[in-house]
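A.B. asks: Could you look at this predicted model? Sequence included:
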Amino acid sequence: MRRTTTVNAAIHVPNLPSFPSSLPRTNLLNHKLINGSTTNQLSEKKILLTSHEDQSNNNNKVVVELMYGILEAVSDRIEMHQNVADQRDNWNTLLLNSINMITLTATTMAAVAATTEPLLALKLSSALLFSTATGMLLIMNKLQPSQLTEEQRNATRYFKQIQSEIQTKLALGNVTKEDVKSATEKVLAVDKAFPLPLLGVMLEKFPSKFEPAVWWPSTKSNKKSQNKNMMNNNGWSEDLEMELREIVQVVKRKDSEDYERLGNIALKMNKALAIAGPLLTGIAAAGSAFVGNDNSCLESSIESTLEESDLERRENGQLFEMKVAMKLGRSVSQLRELASKCAASRKEGIAVDEFASKIF
């Protein structure tokens, strides 16, 4: 027989919590509205923050662009001052070589005129060349191209220093408006300290007193000093500050005093040489005009003529007397009067109280 077995199963469903039917529907609506308004406020705040960040990025971008503009100007100034330094160095070499050749030529002409029969052309040419050298020396001592060259080299060095500082700031990426302002002030300060024009705003070559130049813009910080007891003191301490202050005092007492002393000596030498050069060439120009009127040339000429026993071989007496009188700057009658006075004074044992030549 077949047996059948019946299995009985039951499913128990838990009772769900019942909501009170008296809950108003408006509360649910308000809850949704509140959540929606909160989401909108967060979105607005996010938009404001994003806008602020964009504005900050734009400002930073403008600052970086300004710094790059200053960097381009500095690079242009470096090239310009290098070119001007090379140009003025060429001027200095050219002027010095020209003055040396002019002086050598004038000296040669004066020597030739002194050793031979004096020629008016040689004397005038020599005097003209010496006068030209005097004028060129006056111009050179006023402008001093060698010093101008050194000024442009110093300007190039300072501009390269500013260039490297700007490049470091840009590489670090922390450029601020204060950095832009500081770089601009430094560029303008170097422009003022090392002008390019030759006249007007050029540096004084002969100041009354030598003093060290102070032209670099001072750095002023508006930030409050941090507490030195803080852990993060950027490597500074009271001992380090005291050490550096002592170094500054040593520099002021020793190095600066010696620098000013040597500078004043160099300034006096520069003034003396600037006066002596044109003065000596001016004297040479005046002296070259009287080449051939030297008494010892004149003396040998008279003695050699008198030693000639053959009167026919001598130069005409009246003509020779007139030449001697002209060389001494006298007339024939004045020459005869001088000879009479000399003979009388020799008999009486009295020295002659005047020179033979009236030119000097």
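C.D. replies: All right, it came through fine. Numbering: from 1, shown residues only.
A.B. asks: Output stretch 98-116 as PDB, restricted to C-alpha atoms.
C.D. replies: Extracted C-alpha coordinates of stretch 98-116, given in PDB (Å, rounded to 0.1, in the frame of the first residue of the first chain):
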ATOM      1  CA  SER A  98      95.200 109.100 -31.900                       C
ATOM      2  CA  ILE A  99      96.700 111.300 -29.200                       C
ATOM      3  CA  ASN A 100      99.800 109.200 -29.000                       C
ATOM      4  CA  MET A 101     100.400 109.300 -32.700                       C
ATOM      5  CA  ILE A 102      99.700 113.000 -32.900                       C
ATOM      6  CA  THR A 103     102.100 113.800 -30.000                       C
ATOM      7  CA  LEU A 104     104.800 111.500 -31.500                       C
ATOM      8  CA  THR A 105     104.500 113.200 -34.900                       C
ATOM      9  CA  ALA A 106     104.600 116.700 -33.400                       C
ATOM     10  CA  THR A 107     107.600 115.800 -31.400                       C
ATOM     11  CA  THR A 108     109.400 114.400 -34.400                       C
ATOM     12  CA  MET A 109     108.600 117.600 -36.400                       C
ATOM     13  CA  ALA A 110     109.900 119.800 -33.600                       C
ATOM     14  CA  ALA A 111     113.100 117.700 -33.300                       C
ATOM     15  CA  VAL A 112     113.800 118.000 -37.100                       C
ATOM     16  CA  ALA A 113     113.200 121.700 -37.000                       C
ATOM     17  CA  ALA A 114     115.600 122.100 -34.100                       C
ATOM     18  CA  THR A 115     118.500 120.100 -35.700                       C
ATOM     19  CA  THR A 116     118.300 121.700 -39.100                       C
END
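A.B. asks: where does the stretch 101-250 of the chain dip in pLDDT?
C.D. replies: Within the stretch 101-250 of the chain, the set of residues satisfying pLDDT under 70 comprises 116-118, 212-232, 234.
A.B. asks: again, 50 this time
C.D. replies: Within the stretch 101-250 of the chain, the ranges that satisfy pLDDT under 50 run 222-231.
A.B. asks: Please tell me how far the spatially most central residue of the chain sits from Lys205.
C.D. replies: Closest to where the C-alpha atoms of the chain average out (CA atoms, centre = their mean) is Glu151, at 1.9 Å. Distance of Glu151 to Lys205, computed by CB to CB, to the nearest Å: 10 Å. Backbone N, C-alpha and C define where each C-beta goes, glycine included.
A.B. asks: same thing with Lys323?
C.D. replies: 50 Å.
A.B. asks: again with Gly329
C.D. replies: 42 Å.
A.B. asks: swap in Ile78?
C.D. replies: Per CB to CB, Ile78 is found 25 Å from Lys205.
A.B. asks: One more: Gly69?
C.D. replies: Applying CB to CB, the value for Gly69 to Lys205 is 35 Å.
A.B. asks: try Asn90
C.D. replies: From Asn90 across to Lys205, the span is 20 Å (CB to CB).
A.B. asks: Surely Val352 and Ser340 touch.
C.D. replies: No - using CB atoms under 8 Å, Val352 is not in contact with Ser340, being 11.2 Å away.
A.B. asks: Which parts of the stretch 51-200 of the chain are helices?
C.D. replies: 120-143, 145-172, 177-193 (DSSP state H, counting those that start in this stretch).
A.B. asks: same question, the stretch 251-360 of the chain
C.D. replies: Ranges of helices in the stretch 251-360 of the chain, per DSSP H, counting those that start in this stretch, are 256-288, 295-307, 317-327, 332-348.
A.B. asks: rank those helices by pLDDT, which is bottom?
C.D. replies: Ranked by mean pLDDT, the helices of the stretch 251-360 of the chain bottom out at helix 295-307, with a mean of 73.
A.B. asks: Give me the contacts around it.
C.D. replies: Helix 295-307 has contacts (CB atoms under 8 Å, 6 or more residues apart in numbering) with 114, 314-315, 320, 324, 327-328, 356-357.
A.B. asks: circling back to that earlier point, give me the more crowded residue out of Asn90 and Lys205.
C.D. replies: Taking neighbours as other CB atoms under 10 Å, Asn90 and Lys205 compare with Lys205 leading, 15 against 12.
A.B. asks: Thr134 reaches Ile283, doesn't it?
C.D. replies: No - with contacts counted by CB under 8 Å, Thr134 stays clear of Ile283, the gap being 9.3 Å.
A.B. asks: re the thing from before, check contacts around the residue nearest to the centre of the chain.
C.D. replies: Shown in contact with Glu151 (CB under 8 Å, 6+ apart): 194, 203.
A.B. asks: Kindly recompute the last result at 6 Å.
C.D. replies: By CB atoms under 6 Å, 6 or more residues apart in numbering, the contact list for Glu151 reads Phe194.
A.B. asks: Next: Leu262.
C.D. replies: Applying CB under 6 Å, 6+ apart, no residues contact Leu262.
A.B. asks: gap between it and Lys268?
C.D. replies: 11 Å.
A.B. asks: mind giving me JSON lines with the helices of the stretch 51-200 of the chain and columns for distance to Glu238?
C.D. replies: Converted to JSON lines, the helices of the stretch 51-200 of the chain look like this (distance: least, CB to CB, whole Å):
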{"stretch": "helix 120-143", "distance to Glu238": "52"}
{"stretch": "helix 145-172", "distance to Glu238": "28"}
{"stretch": "helix 177-193", "distance to Glu238": "27"}
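A.B. asks: I am finished for the moment; much appreciated.
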